[in-house]
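Provided below for reference: sequence and predicted model.
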Amino acid sequence: MIKAIVFDVDDTLYDLSGPFKEAFHELYPLEELDLEGAFLASRRYSDSVYAKSLSGEMSMEDMYVYRFQNAFHDYGKNMDAQEALHFQEIYEKHQHMIHMTEAMQEFLKELSDKMVLGIITNGPSGHQWDKIRALEATRWIPKDHVFISGEYGVAKPERRIFELVQEKLKLQPQEFCYVGDSYENDIEGAKGAGWNAIWYNHRNHRPKGSAEPDYMVRSEKELLELLSQVASGK
């Protein structure tokens, strides 16, 4: 029986592409670009070197430069290091104005009365806490149920970060259900730890491994309907 539902943050509790697109329009109001494609490319480049930034092999600034230079270059826009860091600065500003949909807020309020709720998210501690505060997620998810990779020196998809949550919440792997948008980090990570997993595949990604999510949904409506069934034990 599922006793705890644990969420990813970026592109799961809110639409991560919104701040990215708003930052681009602020900096380059007269330019046109495939921003959805550039956004997805930036996520891929970020994921490919995140472990290096976490271990200290690559600084966070170098990671920001790497992901934005490469992502925008893929779509025909060249960006030097200073410009990439400026884009990150504006991107972060817009991330401080993020919000959940009303449907997600209402659902978490209802779900918090029935289930143990938590968060596992990759990223620097301060940056991720800024997002969590902007989302007001701790209205429903206790602060000590929030696990940020930058605070523990271990990141999804590594098994250890899921084990830390198990130890904290004193539950068995099969009693957890993880919800996330990233196949590599969220689904492979959760299934590798023996958890149940829901792939919130609202960007229609293709899986790149052998892990099988227990369910896949493609819209917030589908996700909330499924989680309602999970919470009711169906």
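The structure has been received and is ready for your questions.

residue 206 - that's part of a helix, no?
No. Judged by DSSP: H, G, I helix; E, B strand; the rest coil, residue 206 forms no part of a helix; its state is coil.

any idea of the pLDDT on it?
Per-residue pLDDT puts residue 206 at 89.

before we move on, what about residue 53?
For residue 53, pLDDT reads 87.

please, which helix or strand holds residue 131?
Using DSSP states H and E, residue 131 falls within helix 125-135.

for that helix, C-alpha coordinates in PDB please.
Extracted in PDB, the C-alpha atoms of helix 125-135 (Å, rounded to 0.1, in the frame of the first residue of the first chain):
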ATOM      1  CA  SER A 125      20.300  24.300  -1.800                       C
ATOM      2  CA  GLY A 126      19.600  28.000  -1.900                       C
ATOM      3  CA  HIS A 127      18.400  28.000  -5.500                       C
ATOM      4  CA  GLN A 128      15.900  25.200  -4.900                       C
ATOM      5  CA  TRP A 129      14.700  26.600  -1.600                       C
ATOM      6  CA  ASP A 130      13.900  29.800  -3.400                       C
ATOM      7  CA  LYS A 131      11.700  27.900  -5.800                       C
ATOM      8  CA  ILE A 132      10.000  25.900  -3.000                       C
ATOM      9  CA  ARG A 133       9.200  29.200  -1.100                       C
ATOM     10  CA  ALA A 134       7.900  30.800  -4.300                       C
ATOM     11  CA  LEU A 135       5.600  27.800  -4.900                       C
END
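
what about that helix, distance to the chain center?
Put simply, helix 125-135 sits 12 Å off its chain's centre (C-alpha atoms, centre = their mean, to the nearest Å).

same thing with stretch 152-159?
Here stretch 152-159 shows a centroid-to-chain-centroid distance of 13 Å under the convention C-alpha atoms, centre = their mean.

could you list the buried residues of it?
154-158 (16 or more other C-beta atoms under 10 Å). All C-beta spots, glycine's among them, are computed from the backbone N, C-alpha and C.

next: stretch 34-49.
Residues 35, 38-43, 45-47, 49 are the ones in stretch 34-49 that count as buried (16+ other C-beta under 10 Å).

let me see the ranges of the helices in this protein.
Under the criterion DSSP state H, the chain contains helices at 17-27, 35-55, 60-74, 81-95, 102-111, 125-135, 149-152, 159-169, 188-192, 220-231.

nearest to residue 212, of those helices?
Set against residue 212 and scored by C-beta to C-beta, the helices of the chain come closest in helix 188-192, at 7.0 Å.

C-alpha coordinates for the closest one, CSV please?
Taking Å, rounded to 0.1, in the frame of the first residue of the first chain, the C-alpha atoms of helix 188-192 are listed here in CSV:
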residue,chain,number,x,y,z
GLU,A,188,15.3,5.3,-13.4
GLY,A,189,16.2,6.7,-10.0
ALA,A,190,13.0,5.7,-8.3
LYS,A,191,12.7,2.3,-9.9
GLY,A,192,16.3,1.6,-9.1
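
related to what we said a few turns ago, now the two most distant members of the buried residues of stretch 152-159.
Going by C-beta to C-beta, the pair spanning those furthest: 154 and 157, at 10.4 Å.
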